[in-house]
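# here is my input; please provide its structure:
(one chain, ligands or ions: 1)
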Amino acid sequence: MTDRGLTSTYEQSRQRFLAAAQAVGATIATHPHPAAGMDGGALALDVATLGEPDARAVLLIVSGTHGVEGFTGSALQHHWLDSLGPGDIPEGLRVVLLHAFNPYGFAWVRRVNEDNVDLNRNFVDWSQPPPANEDYGGLAHLLVPDVWDDDTQQSTTLQILAYAEEFGFPKLQEVVSGGQYTHQTGVFYGGTGPVWSHRWLVEHIGDLVGPATRLCVVDLHTGLGPWGHGELISHEAGDAPGYQRGSAWWGDLRSMLDGESVSANLSGDWLGAVDRLMPDVEITAAALEFGTVDTVTVLQSLRADAVLHSSGDPLGPGSEDVRAQVRAAFADDDPAWFDAVSARFDEVIGAATAQLAVTK
Ligand SMILES: [Zn+2]
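Predicted coordinates:
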């Protein structure tokens, strides 16, 4: 296990996170997840808290919303804990580190959860029919074919690229990754109701925020944008107060609603749900998205993963290769990548900490 940078398994990431949290005297709460890891190991969502319990402001740093992306998110949380010095948490601020929001995906090296659900497409209003994504149906059999060999990969990929040629790459990105609620073995699937992590958040967000009146959420992601670059993405439109505050704090904050971001405008992201769950709290939230490899390489890994899991034998022959492909698409073991990523993380967290420390 390395001290800095990415580990090889969820379990290593988790143990390192817990040890570092303990070392700085954090309060740790462990919430067991009902599923198990690949080797039958326990899964949990762990929460480490530092600072005054009745602080007026809370900084919430989240890893593993998208499972496998937690290799980087966890490493950044560990990096933060490891470099924490006396007086680094200003008076009036509490810092909450949520480790492995989607622990199943992290442990199984998948972006999705135990239900093949993308957690950031699951936070739609389930009292209404989920959003329609009609064009997805036309691509579904191409994106996740029954067989994933050289021939089917080539033929289906060419047809998908032909769609991009005809309708434009942004349209393809929107149809494929915007979220769909009709194909449960497909990609970017949003589910049929609130999943485990969704229900957990609804139950616990009030405790995480406590009596604070100001909340900043930084949700750590990987897999979009240029290598090592960290883009801050807002779920809000440019004229929303949360967006404007974030913009003032961080400078370059991209609104996915306004089409400024590397991300497609998507339905059911969890940061948007926090606004609805905590209406009386001033919330400044962003996804911090770190680039790894190009978008097509990322999509190919997700397609391979979806075919593997729809086959019903996710530990079968060739499955290690698929997991290696997914991990390589969402995390880079090059120390230079982690240096770039952690420097950007420090900048973002430093600015948020300074702004939250300002007494209001
Ligand atoms: Zn993500």
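
# switch to C-alpha atoms for all contacts and neighbour counts from now on
Will do.

# would you mark the buried spots in whichever strand or helix holds Ala20?
Using DSSP states H and E, Ala20 sits in helix 10-23. For helix 10-23, the neighbour count (16 or more other CA atoms under 10 Å) marks 10-11, 13-14, 16-18, 20-21 as buried.

# nearest to the ion among those?
Nearest to the ion among the buried residues of helix 10-23, counting by CA to the ion, is Tyr10 at 16.4 Å.

# leaving aside the residues adjacent along the chain, what's closest to that closest one?
Spatial nearest neighbour of Tyr10, excluding adjacent residues (CA to CA, 6 or more residues apart in numbering): Ala107 at 4.8 Å.

# the one you found contacts Asp39, doesn't it?
No. Using CA atoms under 8 Å, Ala107 makes no contact with Asp39, being 9.4 Å away.

# which one's more surrounded, these two?
Set side by side, Ala107 and Asp39 show more neighbours around Ala107, with 27 against 9, by other CA atoms under 10 Å.

# residue contacts, the residue nearest to Tyr10?
9-11, 37-38, 43, 67-68 (CA atoms under 8 Å, 6 or more residues apart in numbering).

# neighbours of the closest residue in space to Asp118 that isn't next to it in sequence, how many?
Leaving aside its sequence neighbours, Asp118 sits nearest to Val112 (CA to CA, 6+ apart; 4.7 Å). Val112 has 29 neighbouring residues, counting by other CA under 10 Å.

# average model confidence for stretch 229-242?
For stretch 229-242, the mean pLDDT works out to 95.

# got the phi and psi for the residue nearest to Tyr10?
Torsion angles at Ala107 (phi, psi; degrees, to the nearest 10) stand at phi -70, psi -30.

# from here on, call the first residue 77.
I'll keep to 77 as the first residue from here, and by that count the last item is Ala183.

# up against the ion, what does the stretch 227-376 of the chain have?
Within the stretch 227-376 of the chain, the positions adjacent to the ion are His297 by CA under 5 Å from the ion.

# all helices of the stretch 227-376 of the chain, in order?
With helices called from DSSP state H, counting those that start in this stretch, the stretch 227-376 of the chain shows them at 245-253, 272-285, 317-326, 346-353, 371-386.

# run the angle between the longest one and helix 245-253 for me.
Compare the direction of helix 371-386 with that of helix 245-253 by axes from the mean of the first three to the mean of the last three CA atoms, to 10 degrees and you get 20 degrees.

# which positions in helix 371-386 come out as buried?
Residues 371, 373-386 are the ones in helix 371-386 that count as buried (16+ other CA under 10 Å).

# just the CA trace of that helix, in PDB.
Extracted in PDB, the C-alpha atoms of helix 371-386 (Å, rounded to 0.1, in the frame of the first residue of the first chain):
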ATOM      1  CA  THR A 371     -14.100  10.200 -23.900                       C
ATOM      2  CA  VAL A 372     -14.300   7.300 -26.400                       C
ATOM      3  CA  THR A 373     -11.800   5.200 -24.400                       C
ATOM      4  CA  VAL A 374     -13.900   5.900 -21.200                       C
ATOM      5  CA  LEU A 375     -17.100   4.900 -23.000                       C
ATOM      6  CA  GLN A 376     -15.600   1.700 -24.400                       C
ATOM      7  CA  SER A 377     -14.700   0.700 -20.800                       C
ATOM      8  CA  LEU A 378     -18.200   1.300 -19.600                       C
ATOM      9  CA  ARG A 379     -19.700  -0.700 -22.500                       C
ATOM     10  CA  ALA A 380     -17.300  -3.600 -21.700                       C
ATOM     11  CA  ASP A 381     -18.400  -3.400 -18.100                       C
ATOM     12  CA  ALA A 382     -22.100  -3.300 -18.900                       C
ATOM     13  CA  VAL A 383     -21.800  -6.300 -21.200                       C
ATOM     14  CA  LEU A 384     -19.800  -8.200 -18.500                       C
ATOM     15  CA  HIS A 385     -22.400  -7.600 -15.900                       C
ATOM     16  CA  SER A 386     -25.400  -8.200 -18.100                       C
END
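
# against the centre of the protein, work out the most remote residue.
Within the chain, Asp227 marks the point farthest from the mean C-alpha position, 32.2 Å out by CA atoms, centre = their mean.

# name the nearest residue to Phe93, sequence neighbours excluded.
Nearest to Phe93 is His154, by CA to CA, 6+ apart, at 5.4 Å.
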